[in-house]
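Peer 1: here is a sequence with its predicted model. Questions after.
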Amino acid sequence: MTLHTSWNLEETAARRDRYYSAALRKFVPFREPMVFRRGEMQYLWDEAGRRYTDLLGMNVCISVGHSHPEVVKAAMDQAAELTHCTTMFYHPVPAHFAEELAATMPKGPRGDIEWVVHFTNSGSEAIDLAMAMARGYTGNLDLIALRTAYHGPTSAAQSVTGIAGWRHPGMPGNVAFVAEPNQYRGIFGENAGAAPYLDEIERVIESATSGQVAGMLVESVQGYGGIIEMPPGYMSGAAERIRAAGGLYIADEVQSGFGRTGDHFWGFEADGVIPDIVVMAKGISNGFPLGAVVVRREIAEPMAERFMFHTYGSNPTSCAAGRAVLEILKRDRMQENAKEVGAALLSRLRELRQKYPVIGDVRGRGLMLAIEMVSDRAKKTPDAETTGAVFEACREAGLILSKSGPHRSTLRMVPPLCLTLKDVDQVAEGLDRAFDRARRG
């Protein structure tokens, strides 16, 4: 059987506009549509054969490289044998993968923490499940989330998302928001550290909750919020305060996990905190649909009394891809590569900041980096217009990235972890041309 697929750009755009739901229009970033036909490691080719360097990782989903041959083979071999097996039956592939994921978690000072895994279809569903676990285990309803956080588009995940553009009416309640510890434009000023933001958590618990909370969700590095790192002491301090109020610390590693930050395999490790629940997805399986909640065994146990499963969560094809990803990350030292290449790229971004006054801040670590644009450096006025102009010019320079942040004034760079030092020069030069073109109008 051969199904016809048209690669004509205009036909594809018209077909998508006709048959896609209206909600999907907002997510199209470029003025003109793009169609990608092929990917190989850190590169993409459009329908006309032009090559691009992917600094977006297809929305952070591509961890070890586009169409990585070993990941593809692992998934194809499994799909050819048994494409799907529902969770009610046993299958060795997701069982092995659960064991391998649990092995990446900290064991605690006494080495006695037991971790268990619940596979889901996506990161958003994993967030929903983490929220349900926290509320079920603690018996409390109130959750704490960060402003400018993004945790997903499902109804429950939207309720803990702190960016208006990602929220829709009618989200569930019992969520209080605290100021994100942004060290560039945070409410307590530049480089204020963790202390005032930890005090803010205490104030919010006292004033906007019942005093007893189910938990707090923290992206170890905020992704759509504009690549906002948590300052030293924040994650561990937040966990201490939340636990004192009866809650659990939930680490959202959907974007920052799997070695992306370079220094650690999981973003929360940067602060020495051991979460109660860890949520992961995106790069977990290099583009195959999969998410997971990795949780302390005792926290997961109360859910055994009720049905809870995700139809494709333990899909052996996606889990086979995930197993290959873990092996490649370790064997090819991709975490170390992210640290080295990310540091080199960050250095070049700092050079661009010296050249272009519109760049207010560059930040991040590993291959999770950002450029924030302002129209006035002293006032830090967000400049979404220039961000959009540079973004479009990057396309002409052969670079794919994204606009992020609550004001859409940040360029986010989260490429596949196979980006090389050789690519850094090409990326920096392309960004330089894009900024120059935007400056000249």
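Peer 2: The structure has been received and is ready for your questions.

Peer 1: correct me, but residue 13 touches residue 31?
Peer 2: No: between residue 13 and residue 31 there is no contact under C-beta atoms under 8 Å: 12.0 Å. The way it works is simple: take the backbone N, C-alpha and C, and place the C-beta from them, glycine included.

Peer 1: so for those two, which residue has more residues nearby?
Peer 2: Per other C-beta atoms under 10 Å, whichever of residue 13 and residue 31 has more neighbours is residue 13, with 15 against 9.

Peer 1: now do the contacts for that one.
Peer 2: Counting by C-beta atoms under 8 Å, 6 or more residues apart in numbering, residue 13 makes contact with residue 33.

Peer 1: that one - that's part of a strand, no?
Peer 2: No: assigned with DSSP: H, G, I helix; E, B strand; the rest coil, residue 13 falls outside any strand and is helix.

Peer 1: how much space between it and residue 33?
Peer 2: 4 Å (C-beta to C-beta, to the nearest Å).

Peer 1: quick one: residues contacting the residue nearest to residue 268 when sequence neighbours are not counted.
Peer 2: Setting aside the residues directly before and after it, residue 268 is nearest to residue 251 in space (C-beta to C-beta, 6 or more residues apart in numbering), at 4.4 Å. Taking C-beta under 8 Å, 6+ apart as the contact definition, residue 251 lies against 218, 220, 235, 266, 267, 268, 273, 275, 277, 278, 279.

Peer 1: among the residues you listed, name the buried ones.
Peer 2: Buried by 16 or more other C-beta atoms under 10 Å: 218, 220, 235, 266, 267, 268, 273, 275, 277, 278, 279, out of the contacts of residue 251.

Peer 1: okay, and which of the residues you listed map to helices?
Peer 2: residue 235 (DSSP state H).

Peer 1: I'd like the average pLDDT over the helix or strand hosting the residue nearest to residue 268.
Peer 2: In the assignment (DSSP states H and E), residue 251 maps to strand 248-252. On average, the pLDDT along strand 248-252 is 98.

Peer 1: again, but for stretch 76-84
Peer 2: The model assigns stretch 76-84 a mean pLDDT of 98.

Peer 1: identify each buried residue in that stretch, please.
Peer 2: Result for stretch 76-84 [16+ other C-beta under 10 Å]: buried residues 78, 79.

Peer 1: please apply the same query to stretch 34-47.
Peer 2: Applying 16+ other C-beta under 10 Å to stretch 34-47 flags 34, 39, 41, 42, 43, 44, 46 as buried.

Peer 1: try stretch 216-229
Peer 2: Of the residues in stretch 216-229, 216-229 count as buried by neighbour count, 16+ other C-beta under 10 Å.

Peer 1: got the residues you listed as CSV, with distance to residue 141 and pLDDT columns?
Peer 2: Shown next, in CSV, are these (distance: C-beta to C-beta, whole Å; pLDDT from 0 to 100):
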residue, distance to residue 141, pLDDT
216, 13, 98
217, 14, 98
218, 19, 98
219, 22, 98
220, 25, 98
221, 28, 98
222, 25, 97
223, 27, 96
224, 26, 95
225, 25, 95
226, 30, 96
227, 31, 97
228, 27, 97
229, 30, 97
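
Peer 1: what are the ranges of the helices in the stretch 1-150 of the chain?
Peer 2: With DSSP state H, counting those that start in this stretch as the criterion, the stretch 1-150 of the chain has helices at 9-19, 57-60, 69-81, 92-102, 123-138.

Peer 1: highest mean neighbour count out of these?
Peer 2: Ranked by mean neighbour count, those are led by helix 123-138 with a mean of 24 (mean count of other C-beta atoms under 10 Å).

Peer 1: can you tell me which helices and strands that one packs against?
Peer 2: On a contact count with 3 or more C-beta pairs under 8 Å, 6 or more residues apart in numbering; DSSP states H and E, helix 123-138 meets strand 115-120, strand 143-146, helix 155-159, strand 215-219, strand 248-252, strand 277-280, strand 291-296, helix 297-300.

Peer 1: and after the fourth one, which helix or strand comes next?
Peer 2: Next in sequence after strand 215-219, counting helices and strands by DSSP H and E, comes strand 221-222.

Peer 1: other residues contacting the helix or strand just after that following strand?
Peer 2: Per DSSP H and E, strand 221-222 leads on to strand 228-229 as the next helix or strand towards the C-terminus. When contacts are defined by C-beta under 8 Å, 6+ apart, strand 228-229 is touched by residues 148, 180, 181, 182, 183, 221, 222, 363, 364, 365.

Peer 1: phi, psi for the nearest residue to the fifth one once chain neighbours are set aside please.
Peer 2: In space, and not counting its chain neighbours, residue 183 is closest to residue 191: 5.3 Å by C-beta to C-beta, 6+ apart. Main-chain torsions, residue 191, degrees, to the nearest 10: phi 50, psi 40.

Peer 1: now for the protein, the helix or strand with the poorest mean pLDDT.
Peer 2: Within the chain, no helix or strand scores below helix 9-19, which has a mean of 89 by mean pLDDT, DSSP states H and E.

Peer 1: list the buried residues in the longest helix seen in the chain.
Peer 2: As assigned by DSSP H, the longest helix anywhere in the chain is helix 334-355. In terms of neighbour count (16+ other C-beta under 10 Å), helix 334-355 has its buried residues at 334-335, 337-342, 344-346, 348-349, 352-353.

Peer 1: and it, what other elements does it pack with?
Peer 2: strand 359-365, strand 368-376, helix 421-439.

Peer 1: can you list the strands that the second one pairs with?
Peer 2: Strand 368-376 has these partner strands in its sheet, going by DSSP bridges: strand 359-365 (antiparallel), strand 381-382 (antiparallel), strand 410-413 (antiparallel).

Peer 1: how far off centre is the second one?
Peer 2: From the chain centre to the centre of strand 381-382 is a distance of 24 Å (C-alpha atoms, centre = their mean, to the nearest Å).

Peer 1: repeat that for stretch 195-210.
Peer 2: For stretch 195-210, the distance to the chain centre is 26 Å (C-alpha atoms, centre = their mean).

Peer 1: run through who's touching it.
Peer 2: 140-142, 144, 176-181, 186, 188, 211, 213, 216, 231, 233-234, 237-238, 241-242, 245.

Peer 1: now a ChimeraX select for only the buried ones of those residues.
Peer 2: Applying 16+ other C-beta under 10 Å to these, the buried members can be selected in ChimeraX as follows:
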select :140,141,142,144,176,177,178,179,180,181,186,188,213,216,231,233,234,237,238,241,242,245
